[in-house]
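Asker: Sequence first, then the predicted structure:
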Amino acid sequence: MENFEFYRPTRYVFGKGLENETGKYLKESGFRKALIVYGGGSVVRSGLLQRVKSSLEKNGIGFEELGGVKPNPRADLVYEGIRICKEKSVDVMLAVGGGSVIDTAKAIALGVPYEGDFFDFYLKKATPKEALKTCVVLTIPAAGSEGSDSTVIEKEIDGKVVKNGYSSPLNVPLFSIMNPELTFTLPAYQTACGIVDMMAHIMERYFTNTTGVSVTDRTCEGLLQGIIENARIVIAEPDNYDARANIMWAGTLAHNNLCGVGREQDWATHHLEHQLSALYDVAHGAGLAVMFPAWMEYNLKHDVMRFAQFASRVFGCSMDFEDPERTAREGISALREFYKSIGMPLSFKDIGAKAEDIPLLLNMLGVDDENRTEGKFVTLHRSDCEQIYSIAARYGS
Ligand code: NZQ
Ligand code: ZN
């Protein structure tokens, strides 16, 4: 196990009706004026936005509003949010929504005290010294942004869409209010995308070269099993509170680094996927359902026993000690079967992606056959990434 520090000071406020206490938590922390950030309207239709606003009013917290965040959030709205915060003396960000909304709020929080372009941080051209605090009312368990130190934003630069992440302790939310009932309205497709994403967050950490990490291995495996078990329930019974609650908490644990400490992490699949969501505006989880099995197939031989362990412990495949590769391949098939069973795509065709765009995807990813590589479990050069995209493109055709 590698040395590590684990400090994730987010206050999780979990359970029924607690969004009505949002104003109280903001007041306790001494804030005066929030910028409420939200998406394309689900929180308006459900009445959640109104309940949150009433709670702020009850506690004497002023607010401004910024709606219209799109999935795969764009930089334009971040600039708009920074302008509002500066003009109206906003002192805290309040994200009411999912990963796209939270990431937009985090980006605004970074941009307000910075003189330059906030996207400098995402291009690794600058490092922020300070940021406003971000608080969250979560409506979809998926990205894990409610407990993560990351934000992912899209910006068009020289006619090319760049989707980049930026990680920093400054991005860790101050508090996240998590009421599983708020997720009852999620369409099955969004529910499933979230499930794929949280599983991917665990698997990016699970496939590692670090040895001596059996506790985090087991934590990953147990969480994956819990997600699969509850996923089947929430898809069939969208208003099953306990299943929604388990999925919601799993989404946070999958990405607050509890299962990633002390071990090298990979993250190539996420970066391969981000190019798909940037180019085709496909949901991040749907893109991951296509890319993760392809990444696994390509890298299987690097550590067959790890893939076989995944197959046997997560999906219950019987371990073939004579031919562990058979078990490993069964695990990949079981993963694809599971994705299919919850209505997720498996191939390029299913998400409207095209094999002829692979060179463009590789350019967007920014890899070459020298120093610009992806991944830690296996170092992937441009030619490797090309083959992984090709596996995803060929699958099912
Ligand atoms: O916009 P509205 O109308 O609110 O609808 C949203 C949106 O269309 C809908 N939705 C959310 N809650 C709902 C609901 N519909 C009905 N009832 C509810 N309770 O769901 C759709 C998707 O929302 P979005 O916020 O985009 O989903 P998600 O949480 O999956 O976030 C995806 C984004 O997060 C990034 C992804 O790349 C993507 O841009 N990620 C962020 C990470 C982080 N910050 O740590 C890590 C992840 O790996 C990921 O990259
Ligand atoms: Zn993700």
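Answerer: Here it is on my side, so go on. Ligands and ions are numbered 1, 2, ... in the order given.
Asker: count of residues packed around Ala334?
Answerer: A count of nearby residues for Ala334, using other Cβ atoms under 10 Å, gives 17. C-betas here are computed from N, CA, C, even on glycine.
Asker: Can you name every helix or strand that the helix or strand of the chain with the lowest mean pLDDT contacts?
Answerer: Lowest by mean pLDDT, DSSP states H and E among the helices and strands of the chain is strand 160-167, with a mean of 94. When contacts are defined as 3 or more Cβ pairs under 8 Å, 6 or more residues apart in numbering; DSSP states H and E, strand 160-167 sits against helix 119-122, strand 150-157, helix 268-280, helix 358-365.
Asker: Now Lys155. Nearest residue, chain neighbours left out?
Answerer: Spatially, and ignoring its direct neighbours in sequence, Lys155 is nearest to Ala75 (3.8 Å; Cβ to Cβ, 6 or more residues apart in numbering).
Asker: Ok, Leu170 next?
Answerer: Excluding the flanking residues, the one nearest Leu170 by Cβ to Cβ, 6+ apart is Ala131, at 4.2 Å.
Asker: And the one you found, how far from ligand 1?
Answerer: Ala131 is 14 Å from ligand 1, where distance means Cβ to the nearest ligand atom, to the nearest Å.
Asker: and ligand 1, which of the helices and strands packed on strand 160-167 is closest to it?
Answerer: Among those, the nearest to ligand 1 by Cβ to the nearest ligand atom is strand 150-157 (3.5 Å).
Asker: ok, the residue nearest to Lys155 to Lys33 distance?
Answerer: Counting by Cβ to Cβ, to the nearest Å, the gap from Ala75 to Lys33 is 24 Å.
Asker: Who has more neighbours out of these two?
Answerer: Using other Cβ under 10 Å, the more surrounded residue of Ala75 and Lys33 is Ala75, with 20 against 16.
Asker: That one and ligand 1: what is the separation?
Answerer: 12 Å.
Asker: can you check His255 too?
Answerer: To ligand 1, His255 is 6 Å away according to Cβ to the nearest ligand atom.
Asker: what's near enough to touch the residue lying closest to that residue once chain neighbours are set aside?
Answerer: Closest residue to His255 apart from its sequence neighbours, by Cβ to Cβ, 6+ apart: Gly144 at 2.6 Å. Gly144 makes contacts with 99, 197-198, 201, 251-252, 254-256, as judged by Cβ atoms under 8 Å, 6 or more residues apart in numbering.
Asker: what about 6 Å?
Answerer: Gly144 makes contacts with 201, 251-252, 254-255, as judged by Cβ atoms under 6 Å, 6 or more residues apart in numbering.
Asker: List the contacts of the residue in the stretch 251-397 of the chain positioned nearest to ligand 1.
Answerer: Per Cβ to the nearest ligand atom, His284 is where the stretch 251-397 of the chain lies closest to ligand 1, at 3.8 Å. For His284, the contact set (Cβ under 6 Å, 6+ apart) comprises 197, 277.
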